[in-house]
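> Fold the following for me, if possible:
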Amino acid sequence: PVSLPDKSFPESVTSTKDGTLYAGSFNNGGVVKVAPGGKAEQFVKPGANGSRSTLGVLADEKSGTLYVCSNDLSGLGVAGPSNAKGSVLATFDLKTGADKGSFPLGAAPSLCNDIVVGNDGTAYITDSLAPNIYSLKPGAAKLEVWATDPAFAPAKDGVGLDGIAIGADGNIYLTTYIPAKLFRVMVKDGKAGSVTELKPSRALDHADAMRAFGDGFLVIEGAGRLDKVTVKGDAAQVDVVQDGLTEPVSVTQVGNTGWVAEGKLSYIIG
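All right, here's what the predicted structure looks like:
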């Protein structure tokens, strides 16, 4: 296990091939970096690049970019490190932590949750409070709504889109948090096609982060599980890899090891 700074609650974790881990802070903001066998050190300062509370983080080595979802969570009683408003995708240099860009999501309510990057360098971003998937093409000055669908709309008192990953088939796969569901968006020539809700082999509970894993996916259930999910047609086989985790929020793979962040967010909200 790796310990993060005292009283810092992670919501997401990502990694590079050399085994370096990067974790954001739901309450403190910023991003810490943990080299293999090392201790956590501040990589992106809280409040940098107009950021606030940090949710999804994704390291893209191809472009040398660290993508960070920043949100104003003051409505949940989480002040964060600055007075920045709204929901923003912030980007930083993966080697130095220097600012690269800042890209607001749509009009409120919106909540930047997680990110995946395609082979062409396009980033795709989930919005938990609006039924939108945003895209950011290399060199673009702003986010675009790449796909929207009524099925993505948050239920009353629920939370919408959360985890996002690109399957071996090139299509985009997503989770919704409350109620927990799995979706596939067909992709053709970079454009969104039909949306299908997949049928899991058992009910999911607080489906959170999603990462590609071989021909399937690693999926976190906030109820305490790390799952392997294999999609066959419109069905999804869910197999538990590890149970008994404490409020897990995200997973990243380094070689044959899966690193799971236990956010324990109920300590600061709810």
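> Show the contacting residues for the residue nearest to the spatial centre of the chain.
Among the residues of the chain, the one closest to the centroid is Asp114, at 2.5 Å (CA atoms, centre = their mean). By CB atoms under 8 Å, 6 or more residues apart in numbering, the residues touching Asp114 are 12, 55-56, 58, 69, 125-126, 162-164, 209-210. Just so you know, the C-beta spots here come from the backbone N, C-alpha and C atoms, and that holds for glycine as well.
> Which ones among those residues map onto strands?
Within the contacts of Asp114, residues falling in strands by DSSP state E are 55-56, 58, 69, 125-126, 162-164, 209-210.
> related to what we said a few turns ago, the residue nearest to the centre of the chain should be in a strand, yeah?
Yes - checked against DSSP: H, G, I helix; E, B strand; the rest coil, Asp114 lies within a strand.
> how close does it get to Thr175?
Per CB to CB, to the nearest Å, Asp114 is found 9 Å from Thr175.
> can you check Asp72 too?
Look at Asp72 and Thr175: by CB to CB, they are 23 Å apart.
> Look at these two and report which has more neighbours.
Thr175 (28 against 20; other CB atoms under 10 Å).
> Bridged to that one, which residues?
Leu182 (DSSP bridges).
> Name all residues that make contact with it.
Residues counted as contacts of Thr175 (CB under 8 Å, 6+ apart) are 161-164, 181-183, 204, 207-210, 219.
> One more pass at 6 Å, please.
The neighbourhood of Thr175, defined by CB atoms under 6 Å, 6 or more residues apart in numbering, consists of 162-163, 182, 207, 210.
> follow-up on the earlier one: the residue nearest to the centre of the chain and Gly56, how far apart?
4 Å.
> Now Ala203. Nearest residue, chain neighbours left out?
Among residues not flanking Ala203 along the chain, Ala180 sits closest, at 7.4 Å (CB to CB, 6 or more residues apart in numbering).
> show me the contacts for that neighbour.
Ala180 is in contact with 204-207, counting by CB under 6 Å, 6+ apart.
> Compare the residues you listed and tell me which has the most neighbours.
The most crowded member of the contacts of Ala180, judged by other CB under 10 Å, is Ala207 (27 neighbours).
> Name whatever forms a beta bridge with it.
Taking DSSP bridges as the rule, Ala207 bridges to Glu221.
> confidence score at it?
pLDDT for Ala207: 98.
> what's the answer for Ala108, then?
pLDDT, Ala108: 85.
> how close does the nearest residue to it once chain neighbours are set aside sit to Ser201?
Counting by CB to CB, 6+ apart, Ala108 lies nearest to Gly86, which is 6.5 Å off, once chain neighbours are set aside. Counting by CB to CB, the gap from Gly86 to Ser201 is 39 Å.
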